[in-house]
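1. Okay, predicted coordinates and the sequence, questions at the end:
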Amino acid sequence: MPRRARIKHGGEPHHIIQRGNNRSACFFSEEDYRFYLESVAAVAARYHCVIHAYMLMTNHVHLLATSQNSEGLPLMMRYLGSRYVRYVNSGYQRSGTLWEGRYKSSVIDSERYLLTCSRYIEFNPVRAGIVATPADYPWSSYGTHANGRPDDLLREHSCYLDLGKDNRARQEAYRALFNDRLDSESLATIRAAVNSGLVLDGERFKDQIEAVLSRSVRAGKPGRPNGRRTPSSNRESARYPKAGISFPS
């Protein structure tokens, strides 16, 4: 059975996961984490992508990112992956693959799910029992969002900026989001979307994405939407969604 085509939609944030081969480690020292983040910054800038949140676990990576066009994120991940594999293979005298096949991704409706997905990403080491609080884990965007740690890699989404009138208010509001853990339904929804390569949101947002891509983005409905016609006004608005992000020329 051919694998499902990846949903690629420029202008909307994507939740991306890339795992180590057979769930094996892909980071072995602090220098490895630093090199990976430096590589993300370089490759994202090259392909006109911006990073809103990240988490580097020992054996996998989470990114929350937006690209200027539909090919930006695939190109970013391709060159990021190969650049880091060359670094690891050279530094540790090894050969062969490091990653477990293709990266996984889902399109995120920013208004409904962006901050929820950011919480999901940054709470990962707490759920794994590695640390007691997100602030205790160094290889994450939480320190920037919650405590103002400088990080040139990140570009804040409008959903984060809307949390408060200034940085202090935004950080306080963001920390408050972590007072409660995500419920099991939210966790399952996010995991199902990214592992299946689907859209994370309700029906209206999925209708817009399908109008642009001319195919289904719902589970169990591969191919072109059957009998679905979108009014021209809706197609036009879907083609240029509000992303909450501006890109440098």
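-> Great, that's in hand. Keep in mind that what you see is a predicted model, and the values were worked out from it rather than measured.
2. all contacts plus neighbour counts: C-alpha atoms, from now on.
-> Will do.
3. pLDDT score for the closest residue to residue 132 other than its chain neighbours?
-> The shortest distance from residue 132 to any non-neighbouring residue, by CA to CA, 6 or more residues apart in numbering, is to residue 126 (5.8 Å). Here, the pLDDT recorded for residue 126 equals 97.
4. Wait, residue 126 touches residue 135, no?
-> No: assessed by CA atoms under 8 Å, residue 126 is found out of contact with residue 135, at 9.7 Å.
5. Which one of those two is surrounded by more residues?
-> Neighbour count, other CA atoms under 10 Å: between residue 126 and residue 135, residue 135 has more, with 19 against 16.
6. Phi, psi for the more buried one please.
-> When read as degrees, to the nearest 10, the backbone of residue 135 gives phi -70, psi -20.
7. what separates it from residue 62, distance-wise?
-> 17 Å (CA to CA, to the nearest Å).
8. about what we covered before: can I take it that the residue nearest to residue 132 is in a strand?
-> No: Residue 126 is assigned helix when assessed by DSSP: H, G, I helix; E, B strand; the rest coil, not a strand.
9. what sits against it?
-> Shown in contact with residue 126 (CA atoms under 8 Å, 6 or more residues apart in numbering): 132, 133, 134.
10. Now find how far off-centre stretch 168-180 is within its chain.
-> Using CA atoms, centre = their mean, to the nearest Å, the mean C-alpha position of stretch 168-180 is found 20 Å from that of the whole chain.
11. hey, C-alpha coordinates of that stretch in CSV?
-> Extracted in CSV, the C-alpha atoms of stretch 168-180 (Å, rounded to 0.1, in the frame of the first residue of the first chain):
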residue,chain,number,x,y,z
ARG,A,168,6.4,39.9,31.6
ALA,A,169,2.6,39.5,31.3
ARG,A,170,3.0,37.0,28.5
GLN,A,171,5.5,34.9,30.4
GLU,A,172,3.2,34.9,33.5
ALA,A,173,0.2,33.9,31.5
TYR,A,174,2.2,31.2,29.7
ARG,A,175,3.4,29.7,33.0
ALA,A,176,-0.2,29.6,34.2
LEU,A,177,-1.1,27.4,31.2
PHE,A,178,1.2,24.7,32.8
ASN,A,179,-0.6,24.6,36.1
ASP,A,180,-2.7,21.8,34.8
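12. Now tell me what touches that stretch from outside.
-> By CA under 8 Å, 6+ apart, the residues outside stretch 168-180 that reach it are 119, 145, 146, 147, 148, 160, 161, 162, 163, 164.
13. Repeat the analysis, applying 6 Å as the threshold.
-> Contacts with stretch 168-180, where a contact means CA atoms under 6 Å, 6 or more residues apart in numbering, come from 145, 146, 147, 163, 164.
14. can I get the CA coordinates of the longest helix anywhere in the chain in CSV?
-> The single longest helix within the chain, with elements called by DSSP state H, is helix 72-91. What follows is helix 72-91 as a C-alpha-only set of coordinates in CSV (Å, rounded to 0.1, in the frame of the first residue of the first chain):
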residue,chain,number,x,y,z
GLY,A,72,9.8,25.1,3.0
LEU,A,73,9.4,22.6,5.8
PRO,A,74,10.1,19.4,3.8
LEU,A,75,13.3,21.1,2.5
MET,A,76,14.2,22.2,6.0
MET,A,77,13.8,18.8,7.5
ARG,A,78,15.6,17.0,4.7
TYR,A,79,18.8,19.2,5.0
LEU,A,80,18.6,19.4,8.7
GLY,A,81,18.4,15.6,9.0
SER,A,82,21.3,14.9,6.7
ARG,A,83,23.4,17.7,8.2
TYR,A,84,23.0,16.3,11.7
VAL,A,85,23.6,12.7,10.5
ARG,A,86,26.9,13.7,8.9
TYR,A,87,27.9,15.5,12.2
VAL,A,88,27.1,12.4,14.3
ASN,A,89,28.7,9.9,12.0
SER,A,90,31.9,11.9,11.7
GLY,A,91,32.1,12.7,15.4
